[in-house]
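Novice: Just the structure for this:
(chains A, B, C and D)
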4 protein chains.
Amino acid sequence: MGKKQIAVLTSGGDAPGMNAAVRSVVRTALTSGMGVFGVHRGYNGLLNCDVEEMNLRSVSDIIHNGGTILYTARSPEFNSPEGVQKAAENCRKLGIEGLIVIGGDGSFRGARDLTQAGIPCIGVPGTIDNDIACSEYTIGYDTAMNTAMEMVDRLRDTTESHDRCSVVEVMGRRCGDIALNTGIAVGAMAILVPEQPYDFERDIYQRMQYTQRIGKRHFIIVVAEGAGCHVEELAKEIEKHTGIETRATILGHVQRGGSPSLRDRVVATQMGYHAVKLLLDGESNRVVAMRNGLIVDFDITEALEMLRRFDTELYRIAMKVSI
Amino acid sequence: MGKKQIAVLTSGGDAPGMNAAVRSVVRTALTSGMGVFGVHRGYNGLLNCDVEEMNLRSVSDIIHNGGTILYTARSPEFNSPEGVQKAAENCRKLGIEGLIVIGGDGSFRGARDLTQAGIPCIGVPGTIDNDIACSEYTIGYDTAMNTAMEMVDRLRDTTESHDRCSVVEVMGRRCGDIALNTGIAVGAMAILVPEQPYDFERDIYQRMQYTQRIGKRHFIIVVAEGAGCHVEELAKEIEKHTGIETRATILGHVQRGGSPSLRDRVVATQMGYHAVKLLLDGESNRVVAMRNGLIVDFDITEALEMLRRFDTELYRIAMKVSI
Amino acid sequence: MGKKQIAVLTSGGDAPGMNAAVRSVVRTALTSGMGVFGVHRGYNGLLNCDVEEMNLRSVSDIIHNGGTILYTARSPEFNSPEGVQKAAENCRKLGIEGLIVIGGDGSFRGARDLTQAGIPCIGVPGTIDNDIACSEYTIGYDTAMNTAMEMVDRLRDTTESHDRCSVVEVMGRRCGDIALNTGIAVGAMAILVPEQPYDFERDIYQRMQYTQRIGKRHFIIVVAEGAGCHVEELAKEIEKHTGIETRATILGHVQRGGSPSLRDRVVATQMGYHAVKLLLDGESNRVVAMRNGLIVDFDITEALEMLRRFDTELYRIAMKVSI
Amino acid sequence: MGKKQIAVLTSGGDAPGMNAAVRSVVRTALTSGMGVFGVHRGYNGLLNCDVEEMNLRSVSDIIHNGGTILYTARSPEFNSPEGVQKAAENCRKLGIEGLIVIGGDGSFRGARDLTQAGIPCIGVPGTIDNDIACSEYTIGYDTAMNTAMEMVDRLRDTTESHDRCSVVEVMGRRCGDIALNTGIAVGAMAILVPEQPYDFERDIYQRMQYTQRIGKRHFIIVVAEGAGCHVEELAKEIEKHTGIETRATILGHVQRGGSPSLRDRVVATQMGYHAVKLLLDGESNRVVAMRNGLIVDFDITEALEMLRRFDTELYRIAMKVSI
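Specialist: I've put the predicted structure just below:
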């Protein structure tokens, strides 16, 4: 009895903007008359009742911080029917009547299972990889790309001063969106992504030699983590085929951190708000998403079966202007 | 006879990403078989034939630079029927069969006039203010907001250390979008924009006193340049009414510069590409725009009559979570 | 009896790196076997016993944050013999046997008075202004200059795109060091500081016209806050005398905030360490300083009477290369 | 007869601030009545007479750019007595009566050889590694450290959110200065440098376990490139010995680029100025250096034989406060 109690957790890899989403969930819930628990370390916090009651000030001065104040972790125990049941029981004990899960597809599968076990869940896409099929945007994606871009901008200085070629691996797991957009933004001569077949001879060596003839002396190649291409080896191959000194760089986990960009803070705020509204309206098993620039939501089960669409038109534009 | 010749200019206030748009126009035109002139200092370059023939390398290593390599300026002379005729004649002399104008509404009116004088023009929205009614996004807007946000993040440190209130004026001319989004991103307690009526008593003093009671000790207020509110005076009023030490800051022209954000570089690349395609397709008097996240185009004359829509839902969310 | 107990406070304007200094004081004291209190809001915390006992984890994850976790404030009450006595008595009540004061000259006068009242004090120069005569470096100075420089770098883009002149006021109170170094770093055509007489005709108008003749089209002028020159008016004068469109910008409090630079973090760590060592060695009424790149210390009373030396050689170099 | 003609080149790895040094050399020489050639791609430009005559505007708007407008490259041909003779002859043909070489020890050996072949040379320390024994500061060092620090600050977010350990390799070749200072600035729990013996058991595992007991849950370890320790393997060892999830990151060439920090711009300006003054004064075979914060110079041959001193006191402070 009394006011409705919900909870929020962050799960999977951390992403800049997760704190903005947590803040928005907590503030929207509290100002809508609900109580909110913050659950620590993803689903683990539900398994061991590691939760804290949040108030308006619990989320003060966090909107600009990377990472997540709720911490995040994988939870092998939760990935079993017994784990899900235990989490659901703990929710009932704690009086948690709804849960907002900020994370990626794996986290949403957990949310679906927990919904089926009786705890209404709402997913919010929080991952730098932009690999959630139902949403054209995920929290953390803009920051990660800007970080990658700024790092390649720095590489450009040294690449240019030495007339070199830089091969740079960016994150994104199986999704080429970070690579495509970062590649465009840094004027990469070639962009290798999992979604597009590529051919070193045609897409790299010939392209380099052509642009070299028209005056280009330094080259940047952006490779998606999931493109199936070892950047150290590619660098050696390029040097062998073109004679141009080539260096490989793996940007790595630096891309996951940092103060979130404006877009990540604003979208996280909108999505957190929308998630609470769904719980208020009695919805469950929904995932918040961005479609055509608008905040919408989908059934989690359906969302998990959607297929990602790669922006081939944008890829074509990239190849047209990076010459 | 021979290949089609087009030109590109930047006009009005400069905006980060203009160089990415110029680069995309030049590269797309050249790789589509056209020739391209870069016109210097906006419409002035057409009046005094201050143009340069661009090649693929003319736009190398500019995508990451703020400002515009073509320079920009107001052109009072062009703002007369005689000016427009002279510009059109010069275009004909130079063999310019199409012109891409990167700028704001004022620049698009010039593009419309020049189209009527026989030179097909295409507008590309380039202004930090996001004040083009037909487009939900203008080149430079994302960078300017991130710059404003980072500056307010810095102010936050000193505001917090001293238990103060900061009143910050951000740019945007008659448009409150920069203020609204920056305000959300920095967790501003109040956001004053031209599009929403405000009341100091209700929206500032009472809100401050309420949040103070629940533990907040420092406050940020974001004010749009066009909100009709003098920030120095507002700061004094706040100090008088609440007893909280208050400082005003006008962020100023710093917001116009800097290396463009990833989003500005990518959208500028898409818009520049789209503009050239329109000329290739024989279109004229069109303005490129973003609608629902997609790149589209409108008739300039119709676009100039559209009314901007302020995102009141986003404003409501901002007020809900910044407490 | 038992272990020696000391305290640390931050006073005066906040400066990036103060947290690094607090962290170093706390950690050095604790690992040297002392106890440490953090005093809140400068000397006020001594007057109203607003202190917290610090442990090793109290200062975790603060080294990269601007502002000060101890807060800072002016304390009119402390600026009286009665205030000093009350603070000293409270120190005795709390068992505080030594105090480290991070701040500027005003704060050091307080430290001297409190030492005379029986509480051994050590000063650490923490102010962005670099206006402590005995030390060639103050904590926060490097960050503030880099912030100012980055902001002027942004202004440069728009200044260049429009062939304009920018007049920029930077902080530093009565000290021209921020202006001189920032001016050199941004390639300012003129730098106005309190320590050097200047003449608009000779140092600005003639210099602008000379460099204009040799091809310069945009100009940056850096003015120290304490130079006695109103930048808005100077901008108007320049426009009147040279015909070049001129804009004024006051960078303001943004310069006080932000994550500290590496140098500020390292020097703050060194100075905090040195301050604790002085207390351990039974010293009092000393101020930590940097001289010829080394960390040293002076008697506070003597330090307060030293005169600052302006680097006129560096000023001459600036004028030689910014042409 | 005629004015004195000098030349400037950048050699070895590029470093942020080299452009500021080139600008200072060119402007100081020109305003002192000399002529200046810019030599392209290090000593190669002397071998193939790839030089350009510089004027005051040749170095406009470069002070804020990373890399080097003169390009840099290794020159195997120059590393032979014949190469040196050929370079000296070309200097005589071109009328070059003095040469300023911005680079590291290898570049200074070339300068010494060229001086012996009759062309007076002056070295300026330009390398991010701070590995020039005679100078406590090299151009590019401050920027590289700040870049490394900012990248580790980003890693901290994700390290903290996941309760992980991050092992980060920073640059510096055989010199541990970048690692030591970056390690202090990011609050690294352990710092491995070539100058200090280390022991995994004592310096890492035990230290981690101790701080873990007092509440620390995430750890950063900074490793100098020259410390003789493979970070991927160290990460695995740490995970094995402590059970804490550990990730390795090699920051790589990103550390070499980017807009130079204020300090690098100012010191580069001072050093470039000093180098020209030495040539004006008829000096040769000198290297500019910083000692105790002052700009001085040494005989190149003597400088090359000096031994670097590692700041063991600073290392001790680091270990004291990072607990």
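Novice: immediately after the one helix or strand residue A:221 maps to, which helix or strand?
Specialist: If you go by DSSP states H and E, residue A:221 is part of strand A:219-224. Remark: after strand A:219-224, the chain's next helix or strand is helix A:231-242, criterion DSSP H and E.
Novice: Can you give me every residue that contacts residue A:248?
Specialist: A:166, A:167, A:168, A:169, A:231, A:232, A:234, A:235 (C-beta atoms under 8 Å, 6 or more residues apart in numbering or on different chains). (C-beta placed from N, C-alpha, C; glycine too.)
Novice: how far out from the middle of the chain is the helix or strand harbouring it?
Specialist: In the assignment (DSSP H and E), residue A:248 maps to strand A:246-250. Relative to the centre of its chain, strand A:246-250 is centred 24 Å away, using C-alpha atoms, centre = their mean, to the nearest Å.
Novice: how big is the angle separating whatever helix or strand comes next after it from helix B:262-280?
Specialist: Remark: after strand A:246-250, the chain's next helix or strand is helix A:262-280, criterion DSSP H and E. Orientation check (axes from the mean of the first three to the mean of the last three C-alpha atoms, to 10 degrees): helix A:262-280 against helix B:262-280 gives 100 degrees.
Novice: is any part of helix A:262-280 close to chain C?
Specialist: No: Helix A:262-280 stays clear of chain C (C-beta under 8 Å from any C-beta of the partner chain), getting no nearer than 15.9 Å.
Novice: what are the C-alpha coordinates of that helix, in PDB please?
Specialist: What follows is helix A:262-280, C-alpha atoms only, in PDB (Å, rounded to 0.1, in the frame of the first residue of the first chain):
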ATOM      1  CA  LEU A 262      25.100  17.200 -25.000                       C
ATOM      2  CA  ARG A 263      23.200  14.900 -27.200                       C
ATOM      3  CA  ASP A 264      23.800  11.900 -24.900                       C
ATOM      4  CA  ARG A 265      22.700  13.900 -21.900                       C
ATOM      5  CA  VAL A 266      19.500  15.200 -23.600                       C
ATOM      6  CA  VAL A 267      18.500  11.900 -25.200                       C
ATOM      7  CA  ALA A 268      19.200  10.000 -21.900                       C
ATOM      8  CA  THR A 269      17.000  12.500 -20.100                       C
ATOM      9  CA  GLN A 270      14.200  12.000 -22.600                       C
ATOM     10  CA  MET A 271      14.400   8.300 -22.600                       C
ATOM     11  CA  GLY A 272      14.600   8.000 -18.800                       C
ATOM     12  CA  TYR A 273      11.500  10.200 -18.600                       C
ATOM     13  CA  HIS A 274       9.700   8.100 -21.200                       C
ATOM     14  CA  ALA A 275      10.500   4.900 -19.400                       C
ATOM     15  CA  VAL A 276       9.000   6.100 -16.100                       C
ATOM     16  CA  LYS A 277       5.900   7.300 -18.000                       C
ATOM     17  CA  LEU A 278       5.500   3.800 -19.400                       C
ATOM     18  CA  LEU A 279       5.500   2.300 -15.900                       C
ATOM     19  CA  LEU A 280       3.100   4.900 -14.700                       C
END
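Novice: And for the helix or strand containing residue A:38, what's in contact with it?
Specialist: Per DSSP H and E: residue A:38 is located in strand A:35-39. With contact meaning C-beta under 8 Å, 6+ apart, strand A:35-39 is reached by A:3-9, A:22, A:25-26, A:29-30, A:45-46, A:50-54, A:58, A:69-70, A:94, A:96, A:99.
Novice: Mind checking which of those residues are in strands?
Specialist: Within these, residues falling in strands by DSSP state E are A:5, A:6, A:7, A:8, A:9, A:51, A:52, A:53, A:54, A:99.
Novice: What are the buried residues along stretch A:111-131?
Specialist: The neighbour-count check on stretch A:111-131 (16 or more other C-beta atoms under 10 Å in any protein chain shown) flags A:111-115, A:117, A:119-131 as buried.
Novice: Just list the residues touching the residue lying closest to residue A:79 once chain neighbours are set aside, thanks.
Specialist: Nearest residue to residue A:79, sequence neighbours excluded (C-beta to C-beta, 6 or more residues apart in numbering or on different chains): residue A:110, at 7.5 Å. Contacts of residue A:110 were listed using C-beta under 8 Å, 6+ apart, and they are A:11, A:43, A:75, A:78, A:79, A:84, A:101.
Novice: ok, of those, which come out buried?
Specialist: Using 16+ other C-beta under 10 Å as the burial test, these include A:11, A:43, A:75, A:78, A:84, A:101 as buried.
Novice: Low-confidence stretches in chain A?
Specialist: Scanning chain A for pLDDT under 70 picks out the ranges A:1.
Novice: And the helices in it, which stretches?
Specialist: A:18-31, A:44-47, A:81-94, A:105-116, A:141-161, A:177-185, A:206-213, A:231-242, A:262-280, A:300-305, A:312-321 (DSSP state H).
Novice: returning to what we had before: most widely separated two among the buried ones among the contacts of residue A:110?
Specialist: A:11 and A:84 (13.6 Å; C-beta to C-beta).
Novice: need the contact list for residue A:301.
Specialist: Residue A:301 sits in contact with A:112, A:285, where contact means C-beta under 8 Å, 6+ apart.
Novice: From residue A:108, how far off is it?
Specialist: 9 Å (C-beta to C-beta, to the nearest Å).
Novice: Just give the closest residue to the residue of chain A found nearest chain C, not the sequence neighbours.
Specialist: Nearest to chain C in chain A, going by C-beta to the nearest C-beta, is residue A:259, at a distance of 8.8 Å. Closest residue to residue A:259 apart from its sequence neighbours, by C-beta to C-beta, 6+ apart: residue A:64 at 5.2 Å.
Novice: Kindly confirm whether my reading is correct that the one you found touches residue A:262.
Specialist: No: Residue A:64 is beyond contact range of residue A:262, at 10.3 Å (criterion: C-beta atoms under 8 Å).
Novice: between these two, who's got more neighbours?
Specialist: The residue with more neighbours, out of residue A:64 and residue A:262, is residue A:262; 26 against 19, by other C-beta atoms under 10 Å in any protein chain shown.
Novice: Please list the residues of chain A that sit near chain D.
Specialist: So chain A meets chain D at A:10, A:13-14, A:16, A:41, A:65-68, A:71-73, A:147, A:151, A:153-158, A:160-163, A:166, A:247, A:249-258 (C-beta under 8 Å from any C-beta).
Novice: Can you name the residues that contact the residue of chain A closest to chain C?
Specialist: A:16, A:64, A:65, A:66, A:143, B:153 are the contacts of residue A:259 under C-beta under 8 Å, 6+ apart.
Novice: can you do 7 Å?
Specialist: A:16, A:64, A:65, A:66, B:153 (C-beta atoms under 7 Å, 6 or more residues apart in numbering or on different chains).
Novice: One more: residue A:289?
Specialist: Contacts of residue A:289 by C-beta under 7 Å, 6+ apart are A:125, A:134, A:135, A:296, A:297, A:298.
Novice: Pull out the buried members of those.
Specialist: Buried subset of the contacts of residue A:289 (neighbour count, 16+ other C-beta under 10 Å): A:125, A:134, A:135, A:297, A:298.
Novice: now those in CSV, with distance to residue A:178?
Specialist: What follows is those, written out as CSV (distance: C-beta to C-beta, whole Å):
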residue, distance to residue A:178
A:125, 15
A:134, 18
A:135, 15
A:297, 24
A:298, 23
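Novice: This completes my enquiry, with thanks.
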